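# Any chance you could fold what I've pasted below:
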Amino acid sequence: MNEIFDGTTLTVFVPMKFTRRGARKRIVAPDGTALAPVTKPQPNGKLMAALVRAWRWQKLIEVGKYASVREAARAEGVAKSYAAKISKMVLLAPDIIEAIIEGRTDDRFMLKVLEGTLPVEWEEQRGMLEMKSSAPHTR
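Numbers count the residues shown, from 1 in each chain. As a prediction, this is how the structure comes out:
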């Protein structure tokens, strides 16, 4: 960092560069560290779409439009295997759903969990996702 003082004005030069990551710009110091704080976490769009779809299918089944997730998937042209994976999302604990919406979950780990067996008990889900129960919800 260089400083120049001409009697009335102090000018400070800070070496930095601007980098792009997708549509975002970041200010980076010469040693590679970020100079500006990182923005808050963003939810994974695909995970959010799967969550919305699972809850929509659940609602359509409840009102009688479809008899099963398989029927809803067939009607929308979605693979049965994908439908089986995401339909589990309606069983997630409320704080886990909140974490997905706020972008606080490890999306790769979440997808691995959805590919396996998801416990119905919320505390077991939190354990699998390495989350502590921060909400007063119990089941």
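# low pLDDT regions in this protein?
Confidence mapping of the chain against pLDDT under 70 gives the ranges 1-6, 35-38, 109, 130-139.
# residue boundaries of the helices in it?
Ranges of helices in the chain, per DSSP state H, are 45-62, 69-76, 80-87, 94-101, 107-115, 122-128.
# can you list those helices in CSV and add distance to residue 26 and mean neighbour count?
Using the backbone N, CA and C atoms, a C-beta is placed for each residue, glycine as well. What follows is these, written out as CSV (distance: least, CB to CB, whole Å; neighbours: other CB atoms under 10 Å):
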stretch, distance to residue 26, mean neighbour count
helix 45-62, 21, 16
helix 69-76, 39, 16
helix 80-87, 33, 16
helix 94-101, 25, 18
helix 107-115, 21, 15
helix 122-128, 33, 16
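# For the closest residue in space to residue 24 that isn't next to it in sequence, the count of nearby residues, please.
Spatially, and ignoring its direct neighbours in sequence, residue 24 is nearest to residue 39 (7.9 Å; CB to CB, 6 or more residues apart in numbering). Residue 39 has 8 neighbours, counted by other CB atoms under 10 Å.
# Against residue 64, how distant is residue 39?
Separation of residue 39 from residue 64 (CB to CB, to the nearest Å): 43 Å.
# what do you get for residue 55?
Computed as CB to CB, the residue 55 to residue 64 distance reads 17 Å.
# List the contacts of the residue lying closest to residue 114 once chain neighbours are set aside.
The spatially closest residue to residue 114, leaving aside those adjacent along the chain, is residue 85, at 5.0 Å (CB to CB, 6+ apart). For residue 85, the contact set (CB atoms under 8 Å, 6 or more residues apart in numbering) comprises 50, 114-115.
# Pretty sure residue 26 sits against residue 34.
Yes. Residue 26 lies in contact with residue 34 (CB atoms under 8 Å); the separation is 5.8 Å.
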